[in-house]
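[1] Predicted model follows, preceded by the sequence.
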Amino acid sequence: MKIDSLHPWVARPRERGFTLIELMVASTIAMFMLIGVSQLYLSSLSSEKTTASASEITTNGRYAIEVLRHDLLHAGYRGITWAQPSAISTTIGTITGECMGTGFATNLRQGVWGANDANPFSATCIPNANFSTGDVLVVRHAALAATATANLNANTLYFRSAYERGEVFQGSQKTALATTFTQAPSFDYALETKVYYISPFTDSSTETPRVPALYRVVTGAGSSSPKMSAELVASNVEDMQVRYGRLTTDMNTQFYPANTVSATATGTTTTPSEWDSVNSVRIWILVRSAKPEPGYTNTSAYTLGDKTVTVNDGYRRELFSTVVQLRNL
């Protein structure tokens, strides 16, 4: 024991450090605390990724459904015309990329049309390499706002609408149409024909990994003629199924796949078909996360109408559906 030099009569305790056992106990406690903090961080990080993935799925799914719903609500819209469109009396030039030959893009009488788990346009507007799976949905209607005659584009398709008559024409034919279309008042609306389908990729066929997406082919103005071209609607959409509602003999609505509703997509504008009796459309779309989630395995089965999609991978998914009442058919 040391003696204090200033107070020699006061004894000071001997100085000592931690023993080996104390150090081992302290290290063990610190290690467990570090493990706990690490697990808490990893859990928080995983939860954050899961939340971000779910948010992304919801955003893409809701957006895709809303685009489809909005288009279907206006299917068959003909401005102020309630009669069926008249036969085309003017010359419409070649439509670049038209999906099923002459008459497809201009067939406004047929507000909706579909193909069941098949791509009927592989030789035209949707090459097989650009089609993944699911149904194809066609929606046609006039634009919601009229275009002033002075602003008509020569290479765009329009619908001239009067109360008792309506007719599709090309912008370059507005002068020729004026000699046969004399009803007033009349308004010109851009003709919108859209073909929805599932693509195996979002940006290009060479992307790695490939990310499926909901695409559509739409009418527009070309450099020398009207054209139909593809545009992205929503990424990470894997499948789409569509059913078409028609009244049964007991006045109830029953939904049918496209292959049980007769008439082709190019039926003449003056010939009625079973598509005229479609009063509603039901859609299912399956949306996945952009990337697989480490440590997560999805073995779920998703039912889209009469189709079941079973998966076994690391992608999170969500099924979206809606029923749209058709107002203009």
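    Nice, thanks for sending it over.
[2] Low-confidence ranges, the chain, go.
    Where the chain drops to pLDDT under 70, the residues are 1-18, 22-23, 26, 36-38, 40-51, 267-271, 329.
[3] Nearest to the middle of it, which residue? Look it up for me.
    The residue lying closest to the centre of the chain (Cα atoms, centre = their mean) is residue 64, at 3.5 Å.
[4] Which parts of the stretch 201-329 of the chain are strands?
    213-221, 226-235, 237-247, 253-256, 278-288, 301-304, 307-310, 317-325 (DSSP state E, counting those that start in this stretch).
[5] Relative to the whole chain's centre, how far out is the last one?
    The reference is to strand 317-325. Relative to the centre of its chain, strand 317-325 is centred 11 Å away, using Cα atoms, centre = their mean, to the nearest Å.
[6] List the pairing partners of it within its sheet, with orientation.
    Here strand 317-325 is paired, per DSSP bridges, with strand 278-288 (antiparallel).
[7] between the partner strand and strand 213-221, how many degrees?
    Our comparison of strand 278-288 with strand 213-221, counting by axes from the mean of the first three to the mean of the last three Cα atoms, to 10 degrees, yields an angle of 130 degrees.
[8] CA atoms only: put strand 278-288 into PDB for me.
    Extracted in PDB, the C-alpha atoms of strand 278-288 (Å, rounded to 0.1, in the frame of the first residue of the first chain):
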ATOM      1  CA  VAL A 278     -70.800  -5.400 -75.100                       C
ATOM      2  CA  ASN A 279     -71.900  -3.200 -72.200                       C
ATOM      3  CA  SER A 280     -68.900  -3.500 -69.800                       C
ATOM      4  CA  VAL A 281     -65.400  -4.800 -69.600                       C
ATOM      5  CA  ARG A 282     -63.500  -6.500 -66.800                       C
ATOM      6  CA  ILE A 283     -59.700  -6.300 -66.600                       C
ATOM      7  CA  TRP A 284     -57.100  -8.000 -64.500                       C
ATOM      8  CA  ILE A 285     -53.400  -7.100 -64.600                       C
ATOM      9  CA  LEU A 286     -50.600  -8.700 -62.700                       C
ATOM     10  CA  VAL A 287     -47.800  -6.400 -61.600                       C
ATOM     11  CA  ARG A 288     -44.400  -7.400 -60.100                       C
END
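[9] Can we start the residue count at 14 from this point?
    Okay, using 14 as the starting number, the last item reads as strand 291-301.
[10] Next, the buried residues of that strand.
    For strand 291-301, the buried set under the neighbour-count rule, 16 or more other Cβ atoms under 10 Å, comprises 291, 293, 294, 295, 296, 297, 298, 299, 300, 301. Where C-beta positions appear, they are placed from N, C-alpha and C, glycine not excepted.
[11] circling back to that earlier point, is it possible to get a markdown table of the strands of the stretch 214-342 of the chain that adds distance to residue 160?
    Shown next, in a markdown table, are these (distance: least, Cβ to Cβ, whole Å):
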| stretch | distance to residue 160 |
| --- | --- |
| strand 226-234 | 12 |
| strand 239-248 | 14 |
| strand 250-260 | 30 |
| strand 266-269 | 36 |
| strand 291-301 | 28 |
| strand 314-317 | 38 |
| strand 320-323 | 40 |
| strand 330-338 | 26 |
